[in-house]
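J.: dropping a prediction and its sequence here:
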Amino acid sequence: MEEDTKKWLYYAIPVVVAVGIGAALYYGRSQRQAEQQQVSQPPAVTQPETTPAEEPPVRNPLQETTPPKPLPPLTDSDPSMQESLSSVFGKALDPFLVPKNIIRHTVVTIDNLPRKETAVQMWPVKPIGGELITTAEGEQYTLGADNYARYDRLVKILQGADTAQLVTLYKQYYPLFQEAYVAQGYPDGYFNDRLVEVIDHLLATPEITGPIQLKRPSVNYEFVDPELENRSSGQKLLIRMGSANAAVVKDKLRELRQAIAKEQSAAN
């Protein structure tokens, strides 16, 4: 940028000098004509002042809680955040937690859940291990009931967590969540609004009671039903974990939403 500015000045200076000389010559020649003709000039048009664009209104203002000690910088927040999470979930979460960039990865994952794809490498928790469990008849695949058990342990940890403690933790660290969200490219965004929006999106996931048919056109499985296949990555995740596990997650999401949202959910 600095080099471009220097180039601009390099070419602009002689242009300005040339214009100045030409204006002086012209002024000397035309001054007498102007005095003789006495041509009146039209009044100058006053341009209306432009008002700055208004920031989008905050729909769900969060009453932040003062932390017991000053928050660390976002880049140094992992040890403090991991310790605080242990106070809510106990040591049961440790095998699943990715203890690096916890707040940033949480913000990125939440923001991406309503989209078609999420970057697994940005998840704050490790992906569920093992292969997708299916039953097959020829080229017809069905999502196996045993597959849902892969999610049981993590869902039970979530179910056993105290929602009030989780909300307190969120409110204490909210300035860092907000900072991470702004850094994602939302200078006027408010993370709590986005979180409430994503919760509502997940609560709108349909409950699938019958067998779920799959196909495998390549390495990955896809839902045979195009209505399911076209759903977001977050809703697909709830569908893949089974209706019983999804119901537990939705109940916890409703509790969380009630504590952080001002607006009433259409899904309630």
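T.: That came through, no problem.

J.: contacts, neighbours, all on C-alpha from now
T.: OK.

J.: which parts of the chain are helices?
T.: 2-37, 78-89, 102-112, 145-148, 152-160, 163-172, 174-183, 191-203, 226-229, 233-240, 243-260 (DSSP state H).

J.: please identify which of those is closest to T65.
T.: Proximity to T65 (CA to CA) singles out helix 163-172 among the helices of the chain, at 4.8 Å.

J.: tell me the buried residues in that closest one?
T.: For helix 163-172, a neighbour-count test (16 or more other CA atoms under 10 Å) marks T163, L166, V167, T168, L169, Y170, K171, Q172 as buried.

J.: related to what we said a few turns ago, out of the helices of the chain, the one nearest V58 is which?
T.: Closest to V58 of those is helix 191-203 (CA to CA; 7.0 Å).

J.: straight-line length of stretch 56-74, end to end?
T.: Start-to-end span of stretch 56-74 (CA to CA, to the nearest Å) is 25 Å.

J.: so what touches it?
T.: The contact list for stretch 56-74 (CA atoms under 8 Å, 6 or more residues apart in numbering) reads 77, 80, 103, 168, 171-174, 176, 179-180, 188-190, 192-193, 196, 260-263.

J.: buried ones among these?
T.: Buried among the contacts of stretch 56-74 (16+ other CA under 10 Å): 77, 103, 168, 171-174, 176, 179-180, 189-190, 192-193, 196, 260-261.

J.: residue contacts, the spatially most central residue of the chain?
T.: Per CA atoms, centre = their mean, the C-alpha nearest to the average position across the chain is that of D111, at 2.8 Å. D111 sits next to R194, L195, V198 when contact means CA under 8 Å, 6+ apart.

J.: now K171
T.: Counting by CA under 8 Å, 6+ apart, K171 makes contact with L62, Q63, E64, T65, T66.

J.: how close does it sit to Y151?
T.: In terms of CA to CA, K171 sits 28 Å off from Y151.

J.: any weak-confidence spans in the stretch 101-250 of the chain?
T.: Under the criterion pLDDT under 70, no range of the stretch 101-250 of the chain is flagged.

J.: quick one: neighbours of L62, just the number.
T.: 18 (other CA atoms under 10 Å).

J.: show only the entries of the contacts of K171 found in strands.
T.: With strands taken from DSSP state E, there is no overlap with those.

J.: give me the buried subset of these.
T.: L62.

J.: mind putting the contacts of K171 into JSON lines with distance to L93 and pLDDT?
T.: Below are those laid out as JSON lines (distance: CA to CA, whole Å; pLDDT from 0 to 100):
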{"residue": "L62", "distance to L93": "26", "pLDDT": "96"}
{"residue": "Q63", "distance to L93": "27", "pLDDT": "94"}
{"residue": "E64", "distance to L93": "25", "pLDDT": "94"}
{"residue": "T65", "distance to L93": "24", "pLDDT": "93"}
{"residue": "T66", "distance to L93": "25", "pLDDT": "94"}
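
J.: which one of the buried residues of helix 163-172 sits closest to L203?
T.: Nearest to L203 among those is T163, at 17.0 Å by CA to CA.

J.: doesn't R254 make contact with that closest one?
T.: No. Between T163 and R254 there is no contact under CA atoms under 8 Å: 10.2 Å.

J.: neighbours of A259, how many?
T.: Close neighbours of A259, defined as other CA under 10 Å, add up to 14.

J.: tell me the contacts of T109?
T.: Going by CA under 8 Å, 6+ apart, T109 touches T118, A119, M122, W123, P124.

J.: list only buried entries from these.
T.: Counted by 16+ other CA under 10 Å, these give T118, M122, W123, P124 as buried.

J.: and the nearest residue to the second one once chain neighbours are set aside, how many neighbours?
T.: Nearest-residue entry for M122: H105, 5.2 Å, with adjacent residues in sequence omitted and distances by CA to CA, 6 or more residues apart in numbering. Around H105 sit 20 other residues, with neighbours defined as other CA under 10 Å.
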